[in-house]
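Asks: coordinates only, no sequence provided:
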């Protein structure tokens with residue numbers, strides 16, 4: 001209920017919904033809220049709360065409208081009405097956490113054993129002092 005369509009939002013979306021072929025179709029607003037409830041966090045369809053009705057109804061409507069291109073048409077019409085109709089998010093805007101690189105402890109450069117075998121080691125004054133030279 002927290003993220004359900006408000007009355008004002010519903011008035012905008014309602015006129016974009018195709019008319020029902022059958023008179024016994026489920027309440028469109030409830031089904032739209034159910035679809036948005038699932039899509040917002042990316043939850044499984046089976047996790048749809050009972051207040052939205054059977055998850056199969058929302059799932060079938062979503063898939064049917066996807067195949068027919070109804071979602072794209074709705075989005076295009078809504079975007080055309082908005083003055084802010086073109087916003088993009090790409091990796092230059094989104095900040096990643098330092099752990100997002102996947103490696104523990106960050107990036108480390110390791111030399112292979114064969115690369116270091118032929119190179120002469122440099123002596124430093126501290127290493128010479130430890131060796132007793």
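Replies: Done, it's in. From a predicted model like this one, the values you see are computed outputs, not experimental measurements. Numbers count the residues shown, from 1 in each chain.

Asks: quick one: residue 46 and residue 55 touch, right?
Replies: Yes - counting by Cβ atoms under 8 Å, residue 46 touches residue 55, with 5.7 Å between them. Where you see a C-beta, it was placed from the backbone N, CA and C, and this is true even at glycine.

Asks: who has more neighbours, those two?
Replies: Comparing residue 46 with residue 55 by other Cβ atoms under 10 Å, the one with more neighbours is residue 55, at 17 against 9.

Asks: how close does residue 44 get to residue 37?
Replies: 12 Å (Cβ to Cβ, to the nearest Å).

Asks: quick check: longest helix of this structure.
Replies: In the chain, taking DSSP state H as the definition, the longest helix is helix 55-68.

Asks: give me the three-state assignment for the nearest residue to residue 5 once chain neighbours are set aside.
Replies: Closest residue in space to residue 5, ignoring its immediate chain neighbours: residue 33 at 6.0 Å, by Cβ to Cβ, 6 or more residues apart in numbering. The three-state assignment at residue 33 reads helix, by DSSP: H, G, I helix; E, B strand; the rest coil.

Asks: contacts only, for residue 33.
Replies: Contacts for residue 33 (Cβ atoms under 8 Å, 6 or more residues apart in numbering) come out as 4-5, 52.

Asks: any chance of those residues in a markdown table, plus neighbour count, pLDDT and secondary structure?
Replies: A markdown table is the format used below for the contacts of residue 33 (neighbours: other Cβ atoms under 10 Å; pLDDT from 0 to 100; DSSP: H, G, I helix; E, B strand; the rest coil):
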| residue | neighbour count | pLDDT | secondary structure |
| --- | --- | --- | --- |
| 4 | 16 | 89 | coil |
| 5 | 16 | 90 | coil |
| 52 | 22 | 94 | helix |
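
Asks: for stretch 5-24, which residues meet the burial criterion?
Replies: By 16 or more other Cβ atoms under 10 Å, the buried positions in stretch 5-24 come out as 5, 13.
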